[in-house]
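**Student:** Here is my input, please return the structure:
(one chain, ligands or ions: 1)
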Amino acid sequence: MNVVITGASGGIGLAFVKQYSLRGDKVFAICRKANAELAQLDVTIIDKMDITKAANISQIVQQLKGIHIDILINNAGLLNNESLDSLINDPLSARNEINSQFQVNALAPLLLSSSLIAQMDSHSKIIFITSRMGSIDDNTSGGYYGYRMSKAALNAGAKSLAVDLEPRKIAVGIFHPGYVITKMTRFTGDMTAEESVSGLIRQIDTLTLENSAHFYHSNGEKLPW
Ligand SMILES: NC(=O)c1ccc[n+]([C@@H]2O[C@H](COP(=O)([O-])OP(=O)(O)OC[C@H]3O[C@@H](n4cnc5c(N)ncnc54)[C@H](OP(=O)(O)O)[C@@H]3O)[C@@H](O)[C@H]2O)c1
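**Tutor:** Alright, predicted model coming up:
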């Protein structure tokens with residue numbers, strides 16, 4: 001299978017690259033800056049790509065030209081932390097931070113996916129790595145305005161895409177990876193990226209049109225919107 005992964009140079013993205021490549025799949029690893037760990041793997045690296053830039057999305061499409069995509073994993077993401085105080089005291093900086101999270105977390109995955117649909121068929125799957133922090137129902141601790149809003153927006157876009165792609169029989173996965181030890185969590189968490197990705201790959205393997213666009217934890221638990 002041909003698997004395309006964004007945010008492939010570290011954390012959950014790199015764990016996806018390693019596990020799919022170990023399975024014998026052909027991996028296309030999209031990143032902003034390749035590193036030695038990625039370079040030593042037998043994968044195709046699409047380097048120097050900022051997914052928020054329209055020109056870079058065109059370059060990704062160009063570099064994947066002629067490749068049939070079985071699985072696209074929109075994994076790249078950005079977490080800032082705006083508190084209510086920061087919104088009140090430094091609204092300009094909060095506006096910029098929230099805007100960048102929207103660009104990376106919500107808009108870029110949708111636009112990258114729509115750009116690559118022409119290279120998919122009825123067995124293809126589009127995966128969005130979202131967060132339970134985007135769940136409105138699950139929000140009991142507040143804060144993180146831009147991250148929560150952008151991941152909720154991602155979920156909404158992913159659901160629309162699933163409805164629109166149903167006639168083409170392309171399934172859409174909306175998955176929370178768990179609380180994972182990566183750079184994003186400052187290396188706190190209750191599971192490693194490898195453990196999270198094992199669970200996520202199990203979810204992707206069992207993703208069909210029947211469970212398309214449900215919101216699942218990597219452990220299989222169904223999450224509230
Ligand atoms: N870790 C958790 O507990 C957790 C929980 C819920 C959801 N998630 C989600 O899981 C996904 C992976 O996160 P992670 O934990 O592995 O974090 P991470 O180690 O910080 O990885 C995030 C990746 O996204 C890339 N990225 C950020 N902005 C980008 C841009 N503009 N263009 C291209 N790539 C960009 C980063 O590239 P650079 O290295 O170049 O910055 C990095 O490779 C994210 O969508 C995150 O929201 C994580």
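**Student:** need the contact list for the most centrally placed residue in the chain.
**Tutor:** In the chain, the centroid-proximal residue (C-alpha atoms, centre = their mean) is Asn75; its distance is 2.4 Å. For Asn75, the contacting residues are Ile5, Thr6, Gly7, Ala8, Ile12, Gly13, Phe16, Ile127, Ile129, by C-beta atoms under 8 Å, 6 or more residues apart in numbering. Where C-beta positions appear, they are placed from N, C-alpha and C, glycine not excepted.
**Student:** right, and the third one touches Asp50 too?
**Tutor:** Just to be clear, that refers to Gly7. No - contact status for Gly7 versus Asp50: not in contact, 11.2 Å apart, counting by C-beta atoms under 8 Å.
**Student:** how far away is the residue of the chain most remote from its centre from Gln203?
**Tutor:** Largest separation from the mean C-alpha position in the chain: Asn89, at 31.5 Å (C-alpha atoms, centre = their mean). Distance of Asn89 to Gln203, computed by C-beta to C-beta, to the nearest Å: 41 Å.
**Student:** need the residues of the protein near the ligand, please.
**Tutor:** For the chain, the residues in contact with the ligand (C-beta under 6 Å from any ligand atom) are 7, 9-13, 31-33, 50-52, 75-79, 104, 129, 131, 176-177, 179-180, 182-185, 189.
**Student:** Using ChimeraX, make a named selection holding only the buried ones among these.
**Tutor:** Applying 16 or more other C-beta atoms under 10 Å to the residues of the chain next to the ligand, the buried members can be selected in ChimeraX as follows:
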select :7,9,10,11,12,13,31,51,52,75,76,77,78,79,104,129,131,176,177,180,182,184,189
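**Student:** for this structure, what spans make up the strands?
**Tutor:** Along the chain, the stretches classed as strands by DSSP state E are 2-6, 26-30, 44-46, 71-74, 125-129, 171-176, 215-217.
**Student:** Which strands or helices does the biggest helix by length in the chain pack on?
**Tutor:** When the chain is parsed with DSSP state H, its longest helix is helix 145-165. On a contact count with 3 or more C-beta pairs under 8 Å, 6 or more residues apart in numbering; DSSP states H and E, helix 145-165 meets helix 91-101, helix 108-116, strand 125-129, strand 171-176.
**Student:** Now do the buried residues in it.
**Tutor:** Buried, per 16+ other C-beta under 10 Å, within helix 145-165: 145-155, 157-159, 161-162, 165.
**Student:** Stretch 5-25 too?
**Tutor:** Here stretch 5-25 shows 5-21 as buried, counting by 16+ other C-beta under 10 Å.
**Student:** which residue sits closest to Thr208, ignoring its sequence neighbours?
**Tutor:** In this structure, Thr208 finds its nearest non-sequential neighbour in Ala171, 5.9 Å apart by C-beta to C-beta, 6 or more residues apart in numbering.
**Student:** With that, I have no additional questions.
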